[in-house]
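*Asks:* Quick one: sequence plus predicted model below, questions after.
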Amino acid sequence: MDLKSTNASPVLTDPAPINKSRLGIHSSLLPFSQSGASFSSGLLMTPRKKPGKLDDVRSNGWLDAMISSSPPSKKMLKDFNVEVASNDSDIAYNSWMVKHPSALNSFEQIISRARNKKVVMFLDYDGTLSPIVDDPDRAFMSDEMRSTVRNLAKHIPTAIISGRSRDKVYELVGLTELFYAGSHGMDIMCPVRGAESVDPSSCIKTTDHQPAREFLPMIDEVFRTLVENTKDVKGAKVEHHKFCASVHYRNVDEKNWPTIAQCVHDVLDGYPRLRLTHGRKVLEVRPVINWNKGKAVEFLLDSLGLSSSDDVIPVYIGDDKTDEDAFKVLREGYQGYGILVSSVPKETKALFSLKDPSEVKQFLQCLVRWKGQNELLL
Ligand SMILES: O=P(O)(O)OC[C@H]1O[C@H](O[C@H]2O[C@H](CO)[C@@H](O)[C@H](O)[C@H]2O)[C@H](O)[C@@H](O)[C@@H]1O
């Protein structure tokens, strides 16, 4: 089957729109815009000598999104002559915290609703359980975090939902007590509906849910092309995550970001059934299907037999734009709690916030203690 040209797909519920909207990003959701600073327009406003190929990625908003995809480095701020007084950023962060209070400070409020209800925990990996580091292959979680998550899973059904492949995230986490969803939720290991146990390690009846299965050969092909086309850009790294591919530019000199963006743009031009999403200094290529981390949350809750229950409180902790789909589902469908991990103000659908993975660990430890005490009382 020629996957490049076929349009007949049972999973293709989201028709591939025209290029600009397929590739662009809503400017209203630029995650790290610096108030008062024209930082994000710095690159875009670089005088152009002649109209060239890079116009594509300038005009469709990719570059803006790339610049704002993670807190800017000090070097970058200096390069673009942006001075953000620490006072200003403190004020901006504090006023943002009024809208998205610390989940640690709000712990009592969170558990007051959770009493007598079943809490289900969903966790993102990078930037949530492990700190963001330059080399994606070295994004390890600490032993303390691992044992915290293990303890949590003893009391609360816990799933990891990551942009990485399921195998890779399992290798990094290394706990059999959890459910795993890789490739932004497109590869789920879950209990068979109606299985007698919600403990993944004792649950013999598990199944795989892979709504983008037919895209496997296409992603293989695109991965190879992306590796080839970016091989001369120093610092660029392409990862194969089974149902999606990631092009990292964290270690690419900022002056070469337009080149990286244009490379990915050109490759995607040949694949109308693939689209781009932006992560933290990463461009992610994925199938155009109506599936995301939010759908994965719904699917897992359903598989656990917990989707229609008023007695369930799902909690999702994540740091990235792709986690917003899950925050939205929790906010609109389940009265659950989305918690954004961020040390800078970001537009988000999450109700609460935590600063960094170390605060995530503290929050999970609080939950473990609370659950332990509660179980003793029963
Ligand atoms: O959904 P997640 O589990 O958060 O995965 C999202 C992406 O995470 C990884 O990249 C990010 O973390 C790296 C290590 O800290 C960092 O170097 C990179 O800049 C971040 O974007 C992973 O490598 C990606 O493939 C995931 O899509």
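*Replies:* Everything's here; your move. Residues are numbered from 1 along each chain as shown.

*Asks:* quick one, helices of the stretch 1-150 of the chain?
*Replies:* In the stretch 1-150 of the chain, the segments counted as helices under DSSP state H, counting those that start in this stretch are 19-23, 39-42, 55-59, 62-67, 74-79, 86-99, 107-114, 143-155.

*Asks:* got the contact list for residue 188?
*Replies:* Going by Cβ atoms under 8 Å, 6 or more residues apart in numbering, residue 188 touches 166, 179-181, 208-210, 296, 299-300. Where C-beta positions appear, they are placed from N, C-alpha and C, glycine not excepted.

*Asks:* 10 Å instead, please
*Replies:* Residue 188 makes contacts with 159, 161, 166, 179-182, 206-211, 291, 295-296, 299-300, 303, as judged by Cβ atoms under 10 Å, 6 or more residues apart in numbering.

*Asks:* and among the helices of the stretch 1-150 of the chain, the most buried is which?
*Replies:* helix 62-67 (a mean of 23; mean count of other Cβ atoms under 10 Å).

*Asks:* Up against the ligand, what does the stretch 201-350 of the chain have?
*Replies:* 239, 241, 246, 248, 250, 279-282, 284, 320, 322 (Cβ under 6 Å from any ligand atom).

*Asks:* Could you export the residues you listed to a markdown table, including columns for secondary structure?
*Replies:* Formatted as a markdown table, those follow (DSSP: H, G, I helix; E, B strand; the rest coil):
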| residue | secondary structure |
| --- | --- |
| 239 | strand |
| 241 | coil |
| 246 | strand |
| 248 | strand |
| 250 | coil |
| 279 | strand |
| 280 | coil |
| 281 | coil |
| 282 | strand |
| 284 | strand |
| 320 | coil |
| 322 | helix |
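
*Asks:* In CSV, list those along with distance to residue 152, pLDDT and neighbour count.
*Replies:* Below are those laid out as CSV (distance: Cβ to Cβ, whole Å; pLDDT from 0 to 100; neighbours: other Cβ atoms under 10 Å):
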residue, distance to residue 152, pLDDT, neighbour count
239, 28, 98, 20
241, 25, 97, 25
246, 27, 98, 21
248, 30, 98, 22
250, 30, 97, 18
279, 25, 94, 20
280, 24, 95, 19
281, 29, 96, 19
282, 27, 97, 21
284, 28, 97, 23
320, 21, 93, 29
322, 22, 94, 24
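
*Asks:* Can you select the buried ones among the contacts of residue 188 for me in PyMOL?
*Replies:* The buried residues among the contacts of residue 188 can be selected in PyMOL (16 or more other Cβ atoms under 10 Å) with this line:
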select buried, resi 159+161+166+179+180+181+182+209+210+211+291+295+296+299+300+303
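
*Asks:* Inside strands: which ones of the contacts of residue 188?
*Replies:* Residues of the contacts of residue 188 located in strands (DSSP state E): 159, 161, 179-182, 206-209.

*Asks:* wait, residue 208 sits on residue 190?
*Replies:* Yes - counting by Cβ atoms under 10 Å, residue 208 does reach residue 190; the two are 8.0 Å apart.

*Asks:* which regions of the protein sit below the pLDDT cut-off?
*Replies:* Applying pLDDT under 70 to the chain flags the ranges 1-55, 59, 70-86, 191-206, 376-378.

*Asks:* please redo it, this time with the cut-off set to 80
*Replies:* Low-confidence segments of the chain (pLDDT under 80): 1-60, 68-88, 190-207, 308-309, 334, 374-378.

*Asks:* and it, what are its domains?
*Replies:* Under the assignment the TED database, the domains of the chain span 92-192+291-376, 214-287.

*Asks:* And residue 229, its phi and psi?
*Replies:* When quoted as degrees, to the nearest 10, the phi and psi of residue 229 stand at phi -70, psi -20.

*Asks:* Now do the same contact list for the nearest residue in space to it that is not next to it in sequence.
*Replies:* Closest residue to residue 229 apart from its sequence neighbours, by Cβ to Cβ, 6 or more residues apart in numbering: residue 263 at 4.7 Å. By Cβ under 10 Å, 6+ apart, the residues touching residue 263 are 57, 225-226, 228-233, 236, 238, 247, 256, 283.

*Asks:* can I assume residue 263 sits in a helix?
*Replies:* Yes - under three-state DSSP, residue 263 falls within a helix.

*Asks:* ok, and for the longest helix along the chain, which residues are buried?
*Replies:* For the chain, the longest helix by residue count, based on DSSP state H, is helix 357-377. Using 16+ other Cβ under 10 Å as the test for burial, helix 357-377 gives 357, 359-368, 370-371.

*Asks:* what does the stretch 1-150 of the chain put close to the ligand?
*Replies:* So the stretch 1-150 of the chain meets the ligand at 124-127, 132-134, 136, 139 (Cβ under 6 Å from any ligand atom).

*Asks:* from the ones in strands among the contacts of residue 188, which is closest to the ligand?
*Replies:* Proximity of the ones in strands among the contacts of residue 188 to the ligand was ranked by Cβ to the nearest ligand atom; the top entry is residue 161 with 7.0 Å.

*Asks:* quick one: the closest one and residue 182 touch, right?
*Replies:* Yes - shown here, residue 161 and residue 182 form a contact pair, counting by Cβ under 10 Å, at 8.4 Å.
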